[in-house]
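Colleague: Need a 3D model of the following:
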Amino acid sequence: MAHRQSAGFSLLELLWALLIVAVLTTMAVPAFSAFSASNKRSSSAQQVLSLLHFTRSEAAAAFEITTFCLSDDGTSCDRTGSAYFLIFHDLDSDRTVDAGELIYRVSPHVADNHYRLSASNRTYIRYRPTGSVMDFGSVIICPQNRDNHYAARIVVHRSGRPRHGRDHDGDGIVEGSDGNPIDCSAL
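Modeller: Presented below is the predicted three-dimensional model:
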């Protein structure tokens, strides 16, 4: 009787293949995590930037003072919040969404981020019908793990134009209005 040769792998060859797969996976996971965190930062920053542009254009279109704020309950403005962004015409100036005032209520695209509004001790940014702001400031976006390298800042200048915050010193962390790096541990 003739023996047929098997076309499979030997145990040693299989162990080498598993070792190579394990090494490649170990190298890929941190790179993927950084890529994912960077995409979450970009998505969150773009959403806030778009909402501020929308608030500005709504103020001009409706010829009404229009308010942007963060909210945890969906009706009142908070300095920090991660549940909702509100855009409304605050007709009675109480910084609360009343009947007939709400224009837009939306949840953040990235639910596990934390948001902080820094606007001269106010909990909102209000746009005039001219497109300028009554309350300039910024929105700080921090990831769930509080890693400052993946934080973002959207700045609203007096003119009303929102823009991305910048990393002036090249350390990979966006600076606040005081020139110091954003600190997500305080949020």
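Colleague: What number of neighbouring residues does the closest residue in space to Ser71 that isn't next to it in sequence come out with?
Modeller: Nearest non-adjacent residue to Ser71, counting by C-beta to C-beta, 6 or more residues apart in numbering: Tyr84, 4.5 Å away. C-beta: built from backbone N, CA, C; applies to glycine. A count of nearby residues for Tyr84, using other C-beta atoms under 10 Å, gives 20.
Colleague: Endpoints of stretch 108-125, how far apart?
Modeller: 17 Å (C-alpha to C-alpha, to the nearest Å).
Colleague: Contacts for it, please.
Modeller: 40, 43-44, 47-48, 52, 55, 67-70, 77-82, 85, 90, 95, 133, 135-144, 156, 176-177, 184, 187 (C-beta atoms under 8 Å, 6 or more residues apart in numbering).
Colleague: Sort out which of the residues you listed are buried, if you could.
Modeller: 40, 44, 47-48, 52, 55, 67-70, 77-78, 81-82, 85, 90, 95, 133, 135-143, 156, 176, 184, 187 (16 or more other C-beta atoms under 10 Å).
Colleague: Could you tell me which of those belong to strands?
Modeller: 67-70, 81, 85, 137-142, 156 (DSSP state E).
Colleague: With pLDDT and distance to Gly172 added, can I get the residues you listed in TSV?
Modeller: Output for these, formatted as TSV (pLDDT from 0 to 100; distance: C-beta to C-beta, whole Å):
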residue	pLDDT	distance to Gly172
Thr67	92	33
Phe68	93	28
Cys69	91	29
Leu70	91	26
Gly81	80	26
Phe85	91	27
Gly137	89	24
Ser138	90	19
Val139	91	20
Ile140	90	16
Ile141	89	15
Cys142	88	15
Val156	93	23
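Colleague: Widest-spaced pair of the residues you listed?
Modeller: Thr67 and Cys142 (22.9 Å; C-beta to C-beta).
Colleague: Look at the residue nearest to Ser71 and report its pLDDT.
Modeller: Note on Tyr84: pLDDT of 90.
Colleague: Quick check: closest non-adjacent residue to Thr123.
Modeller: Cys77 (4.1 Å).
Colleague: For that neighbour, give me phi and psi.
Modeller: The phi/psi pair for Cys77 (degrees, to the nearest 10) reads phi -80, psi 140.
Colleague: hang on, it packs against Thr96?
Modeller: Yes: here Cys77 reaches Thr96: they are 7.3 Å apart, a contact under C-beta atoms under 8 Å.
Colleague: Mind giving me the packing neighbours of the lowest-mean-pLDDT helix or strand in the chain?
Modeller: The helix or strand of the chain with the poorest confidence is strand 80-81; it has a mean of 82 (mean pLDDT, DSSP states H and E). If contacts are counted by 3 or more C-beta pairs under 8 Å, 6 or more residues apart in numbering; DSSP states H and E, strand 80-81 sits against strand 66-71, strand 114-118.
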